[in-house]
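Enquirer: Sequence and computational prediction follow.
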Amino acid sequence: MQIYLPIAEMSVPIESIVALGAFVGFVSGVFGVGGGFLTTPLLIFMGIPAPIAVGTQSCQLAAAGTSGMMGYWRRGNVDFLIGSVMLAGGIIGSIVGIFFFRLFQYIGQIDLVISLLYITLLGSIGLMMLFESFFSIMKKKTVKSEFNRLKSPSLIARLPYKMRFARSKLYVSVFVPAGIGFISGFLVTTMGVGGGFLLVPAMIYILGMPTLLVAGTSLFQIIFTSAFAAVMHASVNQTVDIILAAWLIAGGVVGVQLGILVSRRVTGARARVLLALLVLGVCLQLAVQLFVQPSNIFEIVVK
């Protein structure tokens with residue numbers, strides 16, 4: 001069944017939108033990422049204008065993230081203190097990102113900028129995650145301390161304003177989680193990315209958080225950052241299509257619960273390999289669309 005999207009000014013099948021939302025929600029529940037790195041390009045593949053895709057999917061990220069975070073919260077796998085520090089940085093990053101988005105929208109290059117940012121970021125993150133995961137699988141397991149298990153770079157260790165996060169057994173400068181949150185907030189407003197695929201490895205390898213707490217804490221930060229970004233896009237850029245967002249949310253809320261159930265069986269380095277391959281697949285498809293010349297350069301469709 002076709003439905004008209006007033007902001008995007010086009011008709012799309014409801015079934016496709018719901019299925020897309022359910023798939024992204026499923027990925028969000030399994031890996032603890034917001035899923036925006038999939039929602040935005042998949043909407044673009046369906047013909048939705050890039051600015052509308054970025055602005056609208058923030059609503060879906062907030063709804064799917066809330067559903068997923070509640071599941072982790074019930075199991076006690078959320079560190080609200082460190083998540084709040086990341087959220088403070090995320091709000092500032094979102095404000096900066098909105099003005100960046102508005103600038104390129106004004107000069108008419110926002111579609112190109114979004115595609116290039118996706119190809120660069122997804123390609124680099126996907127390759128790094130893939131190589132790291134393969135090395136983790138190959139090398140022997142070693143016993144590590146529960147307190148700051150991964151040695152932080154010397155520059156990070158020297159940063160001031162250290163704070164103790166009892167739930168995660170960490171003692172680090174507040175600038176580290178706030179900085180990670182800032183980057184996440186910038187990404188959610190400029191690319192429609194919840195930042196979970198960046199937050200998760202950063203929280204594990206830079207902060208040294210216990211893996212058990214990473215997914216839920218990441219989703220906690222993503223909820224509020226995405227909601228703030230959606231409000232800013234709607235009021236400043238007018239790029240939020242509520243009809244599209246509603247159907248994405250309907251599929252996403254169901255998908256994320258299924259993802260949480262599967263997450264109990266998909267853990268460790270093998271889970272990161274799957275996520276890396278998914279990121280690289282989306283990156284490759286975007287690159288093909290941007291750089292490979294289509295068979296029909298000009299095409300007129302009569303509807």
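Expert: Yes, it's here. Here the structure is a predicted model, which is why all the values come from computation and not from measurement.
Enquirer: On the three-state scheme, residue 168 is what?
Expert: Per DSSP: H, G, I helix; E, B strand; the rest coil, the secondary structure class of residue 168 is coil.
Enquirer: So residue 164 belongs to a strand, correct?
Expert: Yes: according to three-state DSSP, residue 164 belongs to a strand.
Enquirer: Would you agree it is in contact with residue 174?
Expert: No: with contact defined as CB atoms under 8 Å, residue 164 and residue 174 do not form a contacting pair (10.6 Å). (Glycine included, C-beta is placed from N, CA and C.)
Enquirer: Please name the nearest non-neighbouring residue to residue 77.
Expert: Leaving aside its chain neighbours, residue 77 sits nearest to residue 216 (4.3 Å; criterion: CB to CB, 6 or more residues apart in numbering).
Enquirer: so how far is residue 30 from the one you found?
Expert: Distance of residue 216 to residue 30, given as CB to CB, to the nearest Å: 13 Å.
Enquirer: Also residue 170?
Expert: With distances taken as CB to CB, residue 170 is found 25 Å from residue 30.
Enquirer: more neighbours, these two?
Expert: For residue 170 versus residue 30, neighbours defined as other CB atoms under 10 Å are more numerous around residue 30 (26 against 23).
Enquirer: elements contacting the host helix or strand of residue 105?
Expert: Using DSSP states H and E, residue 105 maps to helix 80-106. Packed against helix 80-106 by the contact rule (3 or more CB pairs under 8 Å, 6 or more residues apart in numbering; DSSP states H and E) you find helix 50-74, helix 110-138, strand 162-165, helix 175-190, helix 211-232.
Enquirer: switch the cut-off to 6 Å
Expert: Contacts defined by 3 or more CB pairs under 6 Å, 6 or more residues apart in numbering; DSSP states H and E place helix 80-106 against helix 175-190, helix 211-232.
Enquirer: And that helix, what's buried?
Expert: 81-83, 85-90, 93-95, 97-98, 101, 104-105 (16 or more other CB atoms under 10 Å).
Enquirer: if we can go back for a sec, identify the contacts common to residue 164 and residue 174.
Expert: Common neighbours of residue 164 and residue 174, using CB atoms under 6 Å, 6 or more residues apart in numbering, do not exist here.
Enquirer: So which of those two has more stuff around it?
Expert: Neighbour count, other CB under 10 Å: between residue 164 and residue 174, residue 174 has more, with 18 against 10.
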